[in-house]
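1. Give the three-dimensional model of this entry:
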Amino acid sequence: IENNDLYDFIVAIRGIKREDSEAYLALCKENGFTLEPETEISGREYKAYNAEGYKLDLTYWPGEKTLDLHVTAPIELTVFTWPPMGAVSKWPAPETDSGKIEVQRNDRFDAILGKMDRDAFNTYVEEWIAAGFDRSYARYESKYEANNHAGSTVALEYIGNDMVRIEVKVSSSDTNRYSK
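-> Residues are numbered from 1 along each chain as shown. Next up is the predicted model:
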């Protein structure tokens with residue numbers, strides 16, 4: 001056991017055959033780990049949530065005959081209010097009222113937003129693009145990163161289970177402009 005606390009359970013099971021790892025995966029699916037499943041093309045890795053919001057991450061290493069099991073507890077979300085001051089208050093607020101603020105300063109804002117499915121995530125990305133975050137951008141299926149003309153950056157990532165991580169780094173130029 002590598003970790004066993006309130007948030008994570010991590011264990012590496014050694015000496016396990018592929019068919020045993022597949023049987024364990026089937027058992028996990030039978031016990032509800034079927035929401036938003038992701039399977040690596042080789043079939044070595046499986047990720048999914050259950051109805052309570054626990055995340056399962058299984059990886060089988062055939063060379064080592066090891067099954068890595070990682071279960072993560074649900075992220076505790078509360079009623080969420082978009083910041084009413086600073087630069088972030090001038091940029092797109094999400095439609096959701098569910099979230100968890102991790103960092104809130106005049107030069108940085110990090111949060112987990114709840115009740116946002118993939119469609120809501122994509123709509124939210126478009127709102128940030130329309131707000132000028134379209135420079136030096138990178139867009140992937142579940143992630144968007146970009147700068148605005150003043151050098152502020154936004155990173156949006158759909159992390160699963162109807163949750164989105166947002167990280168905003170505010171440039172000194174934007175901090176000065178919106179602090180007045």
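
2. contacts and neighbour counts: CA atoms only from here.
-> Will do.

3. quick one: secondary structure of residue 26?
-> helix (DSSP: H, G, I helix; E, B strand; the rest coil).

4. what pLDDT does it get?
-> On the pLDDT scale, residue 26 is placed at 96.

5. do the same with residue 151
-> What the model reports for residue 151 is a pLDDT of 96.

6. Need the nearest residue in space to it, chain neighbours excluded.
-> Nearest non-adjacent residue to residue 151, counting by C-alpha to C-alpha, 6 or more residues apart in numbering: residue 171, 5.5 Å away.

7. same question, residue 48
-> Of all residues not flanking residue 48 in the chain, residue 37 sits nearest, at 4.3 Å (C-alpha to C-alpha, 6+ apart).

8. Thought residue 45 was touching that neighbour, still the case?
-> No - the pair residue 37 and residue 45 does not pass the contact test of C-alpha atoms under 8 Å, sitting 10.4 Å apart.

9. related to what we said a few turns ago, tell me the contacts of the residue nearest to residue 48?
-> Each residue near residue 37 by C-alpha atoms under 8 Å, 6 or more residues apart in numbering is listed here: 46, 47, 48, 49.

10. Greatest separation within these: which pair is it?
-> Spanning the widest gap among the contacts of residue 37 are 46 and 49, at 10.4 Å by C-alpha to C-alpha.

11. got any residues that touch both of these two?
-> Residues touching both residue 46 and residue 49 by C-alpha under 8 Å, 6+ apart: 37, 56.

12. okay, stretch 17-29 in CSV with CA atoms only?
-> The C-alpha trace of stretch 17-29 is given here as CSV (Å, rounded to 0.1, in the frame of the first residue of the first chain):
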residue,chain,number,x,y,z
LYS,A,17,-1.5,-12.1,-14.6
ARG,A,18,-3.2,-10.1,-17.3
GLU,A,19,-6.4,-12.2,-17.1
ASP,A,20,-6.5,-11.6,-13.3
SER,A,21,-6.2,-7.9,-13.9
GLU,A,22,-9.0,-8.1,-16.5
ALA,A,23,-11.2,-10.0,-14.0
TYR,A,24,-10.5,-7.3,-11.4
LEU,A,25,-11.5,-4.6,-13.9
ALA,A,26,-14.8,-6.5,-14.6
LEU,A,27,-15.5,-6.6,-10.9
CYS,A,28,-14.9,-2.9,-10.6
LYS,A,29,-17.3,-2.3,-13.5
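
13. Tell me the strands beside the host helix or strand of residue 60, with direction?
-> Here residue 60 sits within strand 55-61, counting by DSSP states H and E. The pairing partners recorded for strand 55-61 under DSSP bridges are strand 45-49 (antiparallel), strand 66-72 (antiparallel).

14. deepest of those, which one?
-> strand 45-49 (a mean of 21; mean count of other C-alpha atoms under 10 Å).
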